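Student: what shape does this take:
(one chain, ligands or ions: 1)
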Amino acid sequence: FSGAPALSLYSPSDPLTVLQADTLERSIFNSSSAWVVEFYASWCGHCIHFAPTWRALANDIQEWRPALRLGVLDCAEASSQKVCSEFGITGFPTLKFFKAFSRRPDEGIRLFHSDDGIDKLRHSIITSVERHEDVWPPACPPLEPTSLAEVRGFFQANNVTYLALIFEKADSFMGREVILDMLQYENIAVRRVLSSDEEMVKKYDVATFPSAYLLTSNGSCSRIPVHLEERSFYTFFLRRLPDIVRGTSYNLTVIPDTEPRTTPTPWRVADSSKLYMADLESVLHYTLRVEVARFSDLRGERLTALKRYVSVLAKYFPARPSVRNVLRNLNRWLRGVKERDLPYSAVEAVLRNKKEVPNARLMNRTIWVGCQGSQSQFRGYPCSLWLLFHLLTVQATLPKGQNASPLEVLSAMREYVRFFFGCRDCAEHFEGMAAESMDKVKSRDEAVVWLWSRHNRVNARIAGTTSEDPKFPKLQWPPPSMCPACHKKFNGQQVWDEGAVLSFFKAHFSPSNIYLDYIPPEEVRSARRGRNTEEKEGVTDGKQEDGREAEEEGEERTGRPEGGTVESEIRGSERRTSPDLHRPSIVKMNPRTRELEEGIVDLDSFSEQHYRSKALKAAAASKSRRLSKRDTMLQLMADDHHQASDYDAAWERLRRKGLDGQQLLSAMGEEEGGTLRNQWFRILGVGFSRLDVSLCIVLYFLSSMCLLGMYTFFRMHMRYRKGRPGFPTA
Ligand SMILES: Cc1cc2nc3c(=O)[nH]c(=O)nc-3n(C[C@H](O)[C@H](O)[C@H](O)COP(=O)(O)OP(=O)(O)OC[C@H]3O[C@@H](n4cnc5c(N)ncnc54)[C@H](O)[C@@H]3O)c2cc1C
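Tutor: Next up, the predicted model:
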């Protein structure tokens, strides 16, 4: 198949409104009907399972539409992410009820649905409609029980031929459902009567609940003859009465449904025996910029979960230099955050890194290669999240993880899934598995095997369900074609050879099996190349899968402040007034570095001048709290940069040798060892370039020689004087 068709879980032919970021508010705010919106993510398995239920409900209650409408919004669409976060959507699927004439996102009332069928959903929607107090949806008939007084004067007060009375128990929803089913039909009204209303029960001599009676304007009254006392039977009967027509008086103000605007992506050829950096960097982008971003305030356990996640990424992710720099900077900064709560905008500012740290950039779109699905709702993000954590558990078995807890990566994953993973039912299932046995993991190798076997459990559970991509059926993995040694026979049964699985994992999830296909080539942005180049790249690699890049460039061009933080406002104003800031300020402040072959950065002067001036400006703006936090962060970034620049230089050296993607990544492991051996140099040279340190050593040597010379001279001189007659010895 040639490409992933851009299908959403819903289509405009469904009797619901497929909303987009720009139509959501226009549709539901100030609307004369109430709304129930399903916020979903097309990649979320439980949303895929839930879609047929929601579609069936939409079919079932489509006649209620003048009073109540159903909508859907795909929060996985890049264009919807902002609005979803404004509506407080943190997990999927989320159902929110908006009363008629709502005005704000926070007026949405969450409907709990879990695994509810359409009956329960319908009931909870009716209960929500009844919560309207001040302004009742104009098209919605009264839902409260009627009384003998109302019935007596009904035909005088209403110009209709029929009145249907549905007698039922108080907890029954049938009467209200029939009322709503008939709301678009003219010349008839439907009311419910409670079994506890003795007057009415006695007057119509009702003995069965539910049962229905038809009163006419000419004074007749008869029991409605139906085969079963059910909603559909009543509705069927009533709609076929003489002179009953479906009215046209309810004109819905409809904002036209639009086809989801996902553009078809070209099919990317992938080899299932390989890992692709595109998938891995996409998941970094999606977790840090989309999933975490749903929480505008990160506090308590959620903040700790983020710190742990970033910490294992910084430690174990076999990254390209620019990504590694981002992860290390973010990790450093988060470690320095001592406050118990943190606005996400601050994290975003670090990730955005427009000017502060050279060669630190995280892809800001998703490119699925090994995780590309045959349709856009399949695979993608959850697939890459599994891959990421398998990779991290394997990387943690290397010497760099030897002093860490065997649970380091698994705990980070557990907390990430618990606090951020949008598929809430998936998260609950995973938490259940973790609570059951994760604490039995005693070594880093066991951690690899634990995650493998739990992933296989999930595969077994969801195999053959609607969330399975038919082109990529769920397997017990790795299949014999990938790892024959992993499968063995025991007592005639096929069983796993866990030792072989572990060896297979260590080879499969190793940097040498990561391929750089389909991602823009890594370029070490030395301080010399700078920001101008970066901007150009941002514009030219605009074939975004999720359109976010264009959004950010748009922000850049308009100089819109980011996230409304103090520092972003300052940055916004700097952007407008100082064109120099578009070049890397490091180079500008320290021309000497331009000549140095290795692009060494004088970060002391950089951070002192650049960020301190920012701090001063911020102080002048008297909004110091958040800025001082950022100031600390930048100082920490500056410290970290010394290490990062070595990594960049090593990457560049290897790249010049003509190594390809995966060779580069595996060679970096070895280079990193060398980099660590050179750390004494950095420790000696905190804040100085290599030239500075060399000069110091030479001066130190010369002054030592000078002192030695003086010492020798005076010693000889003393001896000479002692030896002369006439000078008494002590
Ligand atoms: C923590 C978590 C919990 C989830 N829970 C649910 C759930 O409850 N219900 C639901 O519908 N969906 C759930 N999902 C999503 C689901 O597991 C898949 O990720 C999704 O359906 C996409 O499937 P896929 O075909 O891309 O393969 P995935 O299962 O996502 O696997 C990704 C890749 O990993 C490799 N792989 C497969 N199995 C293993 C293994 N055992 N060990 C190592 N590598 C393997 C394969 O190369 C595969 O292509 C969950 C996802 C995550 C991350």
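
Student: Gly71 pairs with what?
Tutor: Per DSSP bridges, the residues bridged to Gly71 are Thr17, Val37.

Student: give me the pLDDT value at the closest residue to the ligand within the chain.
Tutor: When scored by CB to the nearest ligand atom, the chain has Gly45 as its residue closest to the ligand, at 2.3 Å. All C-beta spots, glycine's among them, are computed from the backbone N, C-alpha and C. You'll see Gly45 listed with a pLDDT of 91.

Student: one more: His642?
Tutor: At His642, the model reports a pLDDT of 53.

Student: next: Cys221.
Tutor: Cys221 carries a pLDDT value of 96.

Student: assign the closest residue to it other than its chain neighbours to helix, strand or coil.
Tutor: Excluding the flanking residues, the one nearest Cys221 by CB to CB, 6 or more residues apart in numbering is Leu215, at 5.0 Å. Three-state assignment for Leu215 (DSSP: H, G, I helix; E, B strand; the rest coil): strand.

Student: repeat that for Leu702.
Tutor: Of the three states, Leu702 takes helix under three-state DSSP.

Student: show me what contacts the residue nearest to Cys221?
Tutor: Shown in contact with Leu215 (CB atoms under 8 Å, 6 or more residues apart in numbering): Val151, Phe154, Tyr162, Leu163, Ala164, Leu165, Cys221.

Student: test my guess that the third one contacts Leu241.
Tutor: Yes: counting by CB atoms under 8 Å, a contact exists between Tyr162 and Leu241, whose distance comes to 6.2 Å.

Student: now the common contact residues for those two.
Tutor: Common contact partners of Tyr162 and Leu241 (CB under 8 Å, 6+ apart): Ile188, Leu214.

Student: neighbour count: the two, which is higher?
Tutor: Just comparing Tyr162 and Leu241: by other CB atoms under 10 Å the higher neighbour count belongs to Tyr162, 20 against 16.

Student: for that one, give me phi and psi.
Tutor: phi -120, psi 150 (degrees, to the nearest 10).

Student: who's it bridged to?
Tutor: Beta bridges link Tyr162 to Ile188, Thr216 when assigned by DSSP bridges.

Student: contacting residues around it?
Tutor: Listed by CB under 8 Å, 6+ apart, the contact partners of Tyr162 are Asn187, Ile188, Ala189, Leu214, Leu215, Thr216, Ser217, Leu238, Leu241, Ile244.

Student: the contacts of Leu215 in helices, which ones?
Tutor: Of the contacts of Leu215, the ones assigned to helices by DSSP state H are Val151, Phe154.

Student: distance to Pro93 for the contacts of Leu215 - can I get that in JSON lines?
Tutor: Shown next, in JSON lines, are the contacts of Leu215 (distance: CB to CB, whole Å):
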{"residue": "Val151", "distance to Pro93": "42"}
{"residue": "Phe154", "distance to Pro93": "42"}
{"residue": "Tyr162", "distance to Pro93": "40"}
{"residue": "Leu163", "distance to Pro93": "39"}
{"residue": "Ala164", "distance to Pro93": "36"}
{"residue": "Leu165", "distance to Pro93": "38"}
{"residue": "Cys221", "distance to Pro93": "46"}
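
Student: enumerate every residue touching the residue of the chain closest to the ligand.
Tutor: Listed by CB under 8 Å, 6+ apart, the contact set of Gly45 reads Pro382, Cys423, Asp425, Cys426, Ile462, Thr465, Ser467.

Student: with Asp106 instead?
Tutor: Neighbour list for Asp106: Gly88 [criterion: CB under 8 Å, 6+ apart].

Student: which bits of the chain sit near the ligand?
Tutor: Within the chain, the positions lying close to the ligand (CB under 6 Å from any ligand atom) are 45, 272, 371, 379, 382-383, 385-387, 390, 417, 425-426, 429-430, 452, 455-456, 458-459, 462, 467, 469, 472, 477.

Student: for the spatially most central residue of the chain, give me its contacts.
Tutor: A centroid search over the chain (CA atoms, centre = their mean) returns Glu291, at 1.8 Å, as the residue closest to the centre. Glu291 makes contact with Phe420, Phe421, Gly422, according to CB under 8 Å, 6+ apart.

Student: the last one contacts Phe295, correct?
Tutor: No: using CB under 8 Å as the test, Gly422 is too far from Phe295 to be in contact (11.2 Å).

Student: and the helix or strand Ala507 falls within, how far out from the chain middle?
Tutor: Following DSSP states H and E, the helix or strand that holds Ala507 is helix 498-508. Distance, stretch centre to chain centre, for helix 498-508: 30 Å (CA atoms, centre = their mean, to the nearest Å).

Student: name the helices or strands packed onto it?
Tutor: When contacts are defined as 3 or more CB pairs under 8 Å, 6 or more residues apart in numbering; DSSP states H and E, helix 498-508 packs onto helix 381-395, helix 444-462.

Student: switch those helices over to a markdown table; also include mean neighbour count, mean pLDDT and distance to Arg721.
Tutor: Shown next, in a markdown table, are these (neighbours: other CB atoms under 10 Å; pLDDT from 0 to 100; distance: least, CB to CB, whole Å):
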| stretch | mean neighbour count | mean pLDDT | distance to Arg721 |
| --- | --- | --- | --- |
| helix 381-395 | 23 | 98 | 71 |
| helix 444-462 | 18 | 97 | 72 |
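
Student: out of those helices, nearest to Leu228?
Tutor: helix 444-462 (36.9 Å; CB to CB).

Student: settle it for me: which of Gly422 and Phe295 has more neighbours?
Tutor: Higher neighbour count among Gly422 and Phe295: Gly422, with 28 against 20, using other CB under 10 Å.

Student: quick one: Glu408 and Val312 touch, right?
Tutor: Yes: Glu408 sits in contact with Val312 when judged by CB under 8 Å, with a separation of 6.4 Å.

Student: shared neighbours, those two?
Tutor: Counting by CB under 8 Å, 6+ apart, the contacts common to Glu408 and Val312 are Ala396.

Student: which residue of the two possesses the greater neighbour count?
Tutor: Val312 (26 against 21).

Student: surely the more buried one meets Ser405?
Tutor: No: using CB under 8 Å, Val312 is not in contact with Ser405; the gap is 11.1 Å.

Student: please enumerate the strands of the stretch 1-150 of the chain.
Tutor: 3-4, 17-19, 34-40, 68-74, 94-98, 109-111 (DSSP state E, counting those that start in this stretch).

Student: angle of the fourth one against strand 94-98?
Tutor: Note on geometry: by axes from the mean of the first three to the mean of the last three CA atoms, to 10 degrees, strand 68-74 and strand 94-98 are set 140 degrees apart in direction.

Student: check the third one too.
Tutor: Angle, strand 34-40 to strand 94-98, by the same axes, to 10 degrees: 160 degrees.

Student: show me what strand 34-40 is packed against.
Tutor: helix 21-28, helix 45-60, strand 68-74, strand 94-98, helix 118-129.

Student: which outside residues touch the third one?
Tutor: Spelled out, it's strand 68-74. Residues outside strand 68-74 that contact it (CB under 8 Å, 6+ apart): 8-10, 15-21, 24, 27-28, 31, 33-42, 54, 57-58, 61, 80, 83-84, 125, 129, 137, 140, 180, 252, 260.
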